[in-house]
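Novice: Sequence first, predicted model second:
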Amino acid sequence: MKYILFLLLLSPFILSLKKEETKNTILKTEDPKDNFIDWSKKRLEWADYLCEPDPSSDAAATTTTYLGVEYKISKSVFSYRIACRFSKEKSWGLHKTSYILAHEQGHFDITEIFARELNKRLSKYNFNKRTFQDDLKKIYDRVMEDKEDFQREYDEDTDYSRNRARQLAWLEKIENILEETEEYAYYEKIDQNNP
């Protein structure tokens, strides 16, 4: 059995290949002692931001999210699990207002939108034993590129939340996309022959 792990911190791509003798082994995308929050409809709170603010930054806050996928190929059966997480240890807030927090929540919600997009694309993937590694890397890279473009557009169009009218419009847009993509919110495809 071959396991391949993709993990994203902002935008770098890390790939590692690991062989396991035991069936049903699930790879974790980060150290269990790290402090993460899985995306849910529950909103972030300032108490979730544990990192000290960067004194050299002019940002009001920084939200670090992870979007990763782990997949397993067993007897040419493809299964996967996607993780959309907020890092408490790498996120910080300097100006802790509810308005700034809503902007930061928008970043986490955008990561969730692209977790769903990744799920949509992977669920439609037709497994090819010879090309699956390249195929999956291309799917992942494309989703990550689209996510980063969307995050950048969000910050630029809202002027990093300073344009209140645009900020409110973006939060509504993000909420609408989350509603439209609800069918892809449950992003785990487990091999039914090997649960």
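Specialist: Received the coordinates, thanks.

Novice: lowest-confidence helix or strand of the chain?
Specialist: Lowest on mean pLDDT, DSSP states H and E among the helices and strands of the chain sits strand 13-19, with a mean of 28.

Novice: Moving C-terminal from that strand, which element do we reach first?
Specialist: As assigned by DSSP states H and E, the chain's next helix or strand after strand 13-19 is strand 36-38.

Novice: tell me which residues of that following strand are tucked away?
Specialist: Under the neighbour-count criterion of 16 or more other C-beta atoms under 10 Å, strand 36-38 has 36-37 buried. Bear in mind the C-beta positions are built from the backbone N, C-alpha and C, glycine included.

Novice: Report all helices and strands that that strand contacts.
Specialist: strand 77-87 (3 or more C-beta pairs under 8 Å, 6 or more residues apart in numbering; DSSP states H and E).

Novice: hmm, 10 Å instead?
Specialist: strand 65-74, strand 77-87 (3 or more C-beta pairs under 10 Å, 6 or more residues apart in numbering; DSSP states H and E).

Novice: Name the stretch among those strands that sits most buried.
Specialist: strand 65-74 (a mean of 22; mean count of other C-beta atoms under 10 Å).

Novice: Let me know the angle separating it from strand 77-87.
Specialist: Computed with axes from the mean of the first three to the mean of the last three C-alpha atoms, to 10 degrees, the direction of strand 65-74 lies at 160 degrees from that of strand 77-87.
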